[in-house]
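Engineer: With the input below, show me the fold.
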Amino acid sequence: MNYTDINAKTVDSWVQNGWEWGRPISHETFEKAKNGEWGVYLTPTKIVPHEWFGEMRGKKILGLASGGGQQIPVFTALGADCTVLDYSQEQLARERLVAQREGYAVEIVRGDMTQPLPFADESFDLVFHPVSNCYVEDVQHVWDECFRVLRPGGRLLAGMDNGLNFLFDDVGTLPLTVSNPLPFNPLRGSRAELERMVAQGEGVQFSHSLEEQLGGQLKAGFLLRDLFEDRDPEGSGLLRDFAPQYIATLAEKPAAPGPEMGK
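Structural biologist: Predicted coordinates for the structure are as follows:
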């Protein structure tokens, strides 16, 4: 079993046990979105600015690793044409539940973002990608594929972990003890740590440098337009009191090819 299979099963178990990011929105929330009252998350606590999306009606949106029946229903209520890709069967089941309940069509794809995305070039106007590349070893592949499937002028909205959560052994108690070098990669480190993560139901997780995260988007060809930082919710650990642990970015695929670097 490869690490993405382990992670898919891990997420399934989290959702079955009531994971926050696997709880579908209510009918009332869906109706509010239809009336223009809405908010979605790329990171744990901050609502994404509405201006990052632009006009939603008629847009083709890909929710990348965005199952769970939380964001895609909102985008549909706002008039977008949505596709969601996730490798968790349970997350996709929540998407079907909301779509059936509210009576709308959505393309639901079970897929692995570590592989080439099963979509043609320039298929989407917007990719919405909440914090999830901490379950992916090669982030550059994800950015490259996002760039490929977006139309010129299309937007990538992405949430990501900045790595600090992986630096310390236990973020719930003081003193905080540094235990892992960054970037953290259990596939290249201690076999015992990998086995511990899997045994404790954490899945196989990775940290990534800002060079990989922000620099990787630029390397793929994106223009970085805006960003914000975020922290874990209150009561979820002490590290949030000392530093933000997440970043969200708004990037854009240029409407026309830019000059080659160095020219």
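
Engineer: And the strands in the stretch 151-263 of the chain?
Structural biologist: 223-230, 246-252 (DSSP state E, counting those that start in this stretch).

Engineer: partner strands of the last one, parallel or antiparallel?
Structural biologist: Pointing back at strand 246-252 there. Applying DSSP bridges, strand 246-252 is found paired with strand 150-161 (antiparallel), strand 223-230 (antiparallel).

Engineer: rewinding a little: most neighbours per residue, which of the strands of the stretch 151-263 of the chain?
Structural biologist: strand 246-252 (a mean of 21; mean count of other C-beta atoms under 10 Å). For the C-beta atoms, the positions are set from N, CA and C on the backbone; glycine is no exception.

Engineer: could you give me the average pLDDT of that strand?
Structural biologist: Averaged across strand 246-252, the pLDDT comes to 98.

Engineer: hang on, the earlier thing: which one of the strands of the stretch 151-263 of the chain lies closest to residue 33?
Structural biologist: For those, the distance to residue 33 is smallest for strand 246-252, at 19.9 Å, taking C-beta to C-beta.

Engineer: Quick one: residues in contact with that closest one.
Structural biologist: With contacts defined as C-beta atoms under 8 Å, 6 or more residues apart in numbering, strand 246-252 is touched by 42-44, 46, 48, 52, 131, 153-162, 213-214, 217, 222-232.

Engineer: Of the residues you listed, keep whichever come out buried.
Structural biologist: 42-44, 46, 48, 52, 131, 154-162, 213-214, 217, 222, 228, 230-232 (16 or more other C-beta atoms under 10 Å).

Engineer: returning to that earlier point: the strands of the stretch 151-263 of the chain: which one's closest to residue 102?
Structural biologist: Of all the strands of the stretch 151-263 of the chain, strand 246-252 sits nearest to residue 102, with 26.8 Å by C-beta to C-beta.

Engineer: Centre of the chain to the closest one, how far?
Structural biologist: Remark: strand 246-252 is offset 11 Å from the chain centroid, using C-alpha atoms, centre = their mean, to the nearest Å.

Engineer: which stretches of this protein form helices?
Structural biologist: 3-16, 27-34, 72-77, 89-102, 139-149, 164-167, 191-199, 210-220 (DSSP state H).

Engineer: how about the second one as PDB, C-alpha atoms only?
Structural biologist: Provided in PDB are the C-alpha atoms of helix 27-34 (Å, rounded to 0.1, in the frame of the first residue of the first chain):
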ATOM      1  CA  HIS A  27     -29.900  23.300   4.000                       C
ATOM      2  CA  GLU A  28     -30.200  26.600   5.800                       C
ATOM      3  CA  THR A  29     -26.500  27.400   4.900                       C
ATOM      4  CA  PHE A  30     -27.100  26.500   1.300                       C
ATOM      5  CA  GLU A  31     -30.200  28.800   1.100                       C
ATOM      6  CA  LYS A  32     -28.200  31.600   2.700                       C
ATOM      7  CA  ALA A  33     -25.500  31.200   0.000                       C
ATOM      8  CA  LYS A  34     -28.100  31.500  -2.700                       C
END
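
Engineer: now that helix: how far from the chain's centre is it?
Structural biologist: Worked out by C-alpha atoms, centre = their mean, helix 27-34 lies 23 Å from the chain centre.

Engineer: could you say what helices and strands it packs with?
Structural biologist: Where contact means 3 or more C-beta pairs under 8 Å, 6 or more residues apart in numbering; DSSP states H and E, helix 27-34 is packed against helix 72-77, helix 89-102.

Engineer: Just the mean pLDDT for that helix, thanks.
Structural biologist: 98.

Engineer: export the strands paired with strand 246-252 to TSV and tack on distance to residue 125 and mean pLDDT?
Structural biologist: Formatted as TSV, the strands paired with strand 246-252 follow (distance: least, C-beta to C-beta, whole Å; pLDDT from 0 to 100):
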stretch	distance to residue 125	mean pLDDT
strand 150-161	5	98
strand 223-230	15	98
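
Engineer: can these go into JSON lines with extra columns for distance to residue 27?
Structural biologist: As requested, the strands paired with strand 246-252 are exported to JSON lines (distance: least, C-beta to C-beta, whole Å):
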{"stretch": "strand 150-161", "distance to residue 27": "25"}
{"stretch": "strand 223-230", "distance to residue 27": "28"}
